[in-house]
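Visitor: Build me a model:
(one chain, ligands or ions: 1)
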Amino acid sequence: MKGIIVFASKYGSTAEYASLMAQKLHTEALRASEVPSGAVFGADFIVLGSPIYSYSILPDMEVFLERNKKLLAEKPLAVFVVCGDSMWNPKVGEGGNKNLEKLTRFLPSEPIAVAVLGGRMRMEELDEEDGVKIRAFRERTGREHTGYDRMEEGGALDFINEIKNWFKSSGT
Ligand SMILES: Cc1cc2nc3c(=O)[nH]c(=O)nc-3n(C[C@H](O)[C@H](O)[C@H](O)COP(=O)(O)O)c2cc1C
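Guide: Take a look at the predicted model:
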């Protein structure tokens, strides 16, 4: 079975998850905006990953999903979203599932595996527009202007195992 991982990422945390997954699944991680033609057609399964920005997935992922709608409908799909705030973690509240829905709503079929993974934000890395947005959000919610690192390799490995188990139990 040869799959591909297609991801979108602005500051690199989703890209890091994608390359860890690629290593574990012995496959390639490709940016949604740079997927060569034929790659989707040739893949036996596809892992899709996007961070959540202002309650949405990144536009590059949305464009990829829209363009490849027909082909994706014929493949097993596994999806993950990467998000910031701990309150978005499904272990803590409902938010994670809401974030997941921002990606699954575009899928042509029920995914074989899903994951909501903690992300990372380094204030010093943000471009001007994002810096302004985050500071305004923090003002409104009375939080400090500090970054965070909630990257969780364990969650990504669980997700990979879920994908592998699906193939084992489906006998493919
Ligand atoms: C401007 C901005 C808006 C964000 N909006 C959300 C959001 O709506 N929900 C959320 O859970 N995380 C939000 N985040 C956190 C990102 O999802 C998190 O930092 C993620 O790890 C970024 O992924 P990337 O490094 O792959 O770009 C936001 C971050 C920024 C900078």
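Visitor: Please make it C-alpha for all contacts and neighbour counts, starting now.
Guide: Noted.
Visitor: hmm, the longest strand seen in the chain in reach of the ligand?
Guide: Secondary structure assigned by DSSP state E gives strand 45-53 as the longest strand of the chain. Yes: residues of strand 45-53 contacting the ligand under C-alpha under 6 Å from any ligand atom: 51, 52, 53.
Visitor: neighbours of the last one, just the number please.
Guide: A total of 15 residues lie near residue 53 under the criterion other C-alpha atoms under 10 Å.
Visitor: what does the model give it for pLDDT?
Guide: For residue 53, the pLDDT comes out at 95.
Visitor: who's in contact with the helix of greatest length in the chain?
Guide: The residue-count maximum for a helix in the chain (DSSP state H) belongs to helix 153-170. Identification of contacts with helix 153-170 by C-alpha atoms under 8 Å, 6 or more residues apart in numbering yields 17, 21, 24, 25, 78, 112, 113, 114, 115, 117.
Visitor: Centroid-nearest residue for the protein?
Guide: In the chain, the C-alpha nearest the mean C-alpha coordinate belongs to residue 49, at 2.5 Å (C-alpha atoms, centre = their mean).
Visitor: Please name the bridge partners of it.
Guide: residue 7, residue 80 (DSSP bridges).
Visitor: For it, give me its contacts.
Guide: Counted by C-alpha under 8 Å, 6+ apart, residue 49 has contacts 5, 6, 7, 8, 14, 18, 79, 80, 81, 82.
Visitor: No more questions from me, cheers.
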